[in-house]
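Visitor: Give me the fold of what follows.
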Amino acid sequence: MTKKKRTKGIVIAIDGPSGAGKSTVSKVLAKKLGYRYVDTGALYRCVALLAREGNLLSQDFKQGSKEDQIIKKGDLDSSLEKLLNELEEGRVIHFSWQGDQHQVYIRQRNVTSLLRQEANSQAASSLSERPVVRKGLLQFQRNLAGEGGAVLEGRDIATVVFPDGELKIFLNASEKERAQRRFKELKEKGQKTTFPEILASMKERDHQDSQRSLAPLKPAAEAKILDSSQLSINEVVEKILQWSKELI
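Guide: Numbering: from 1, shown residues only. Predicted coordinates for the structure are as follows:
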């Protein structure tokens, strides 16, 4: 990636597995710095949601299913490419703040709560393996934060999307802690699930994200590794703020 001159500040890239606290930390960090927050995972979840609503995928999608194998074979690539082109041309995905709550919109529809449904998360993880999906969203992400002054979080931000990012963080936590956090989050939202189901799903997603051939989940060579298992959100944010102030 060609180094682009920043005009609004640095790019902070935060990668890590599901449940490590990336979203919450990134939102708080962006607010404190006055930076734009870019939830790249939400972009993939938007693609998954539209694919499910457009009957490309079923509503109860599960990784490891026959439907999942169809994705892996590339049989849906042409349909996914068409969907992605429509998203890019129409600029239909938007982010906005409502007080302290970060919201995601597809056109004029608030889809924030729909994106975190377990079936949608699993579909997003499977779709993210397809080169056509990653390519379709790559430039979209770079356009959102290329001028700097942005905090991005995902799984390949420091390694693929912004390898020239000024501050790279790999945020992690134990599997048990991450599963407990996700279980609590879904329970508070009224979604029916169990801790064993969440833990099993998280282990499967970790394996899939880390073993995929395209943009696997891994720390960038120069990333700062931060384990949040025993840290509060504020403690994690303060640590990253210290690192960022050395660069701003």
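Visitor: Show me the helices in the protein, by range?
Guide: 22-33, 40-53, 66-73, 77-90, 112-115, 118-127, 131-145, 175-188, 195-211, 233-245 (DSSP state H).
Visitor: Just send these back as JSON lines, with mean neighbour count too.
Guide: Where C-beta positions appear, they are placed from N, C-alpha and C, glycine not excepted. As requested, the helices of the chain are exported to JSON lines (neighbours: other C-beta atoms under 10 Å):
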{"stretch": "helix 22-33", "mean neighbour count": "21"}
{"stretch": "helix 40-53", "mean neighbour count": "23"}
{"stretch": "helix 66-73", "mean neighbour count": "14"}
{"stretch": "helix 77-90", "mean neighbour count": "14"}
{"stretch": "helix 112-115", "mean neighbour count": "16"}
{"stretch": "helix 118-127", "mean neighbour count": "23"}
{"stretch": "helix 131-145", "mean neighbour count": "18"}
{"stretch": "helix 175-188", "mean neighbour count": "17"}
{"stretch": "helix 195-211", "mean neighbour count": "16"}
{"stretch": "helix 233-245", "mean neighbour count": "15"}
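Visitor: what residues are up against the residue nearest the centre of the chain?
Guide: The structure's the chain has its C-alpha centroid closest to Gly41; by C-alpha atoms, centre = their mean the separation is 2.0 Å. With contact taken as C-beta atoms under 8 Å, 6 or more residues apart in numbering, Gly41 is in contact with Lys22, Ser23, Ala124, Glu153, Gly154, Arg155.
Visitor: wait, which of those residues is closest to Asp164?
Guide: Gly154 (15.9 Å; C-beta to C-beta).
Visitor: wait, what's in contact with the residue located most distally from the centre of the chain?
Guide: In the chain, counting by C-alpha atoms, centre = their mean, Glu246 sits farthest out from the average C-alpha position, at 26.0 Å. Taking C-beta under 8 Å, 6+ apart, we find Glu246 in contact with no residue.
Visitor: Many thanks, we can stop here.
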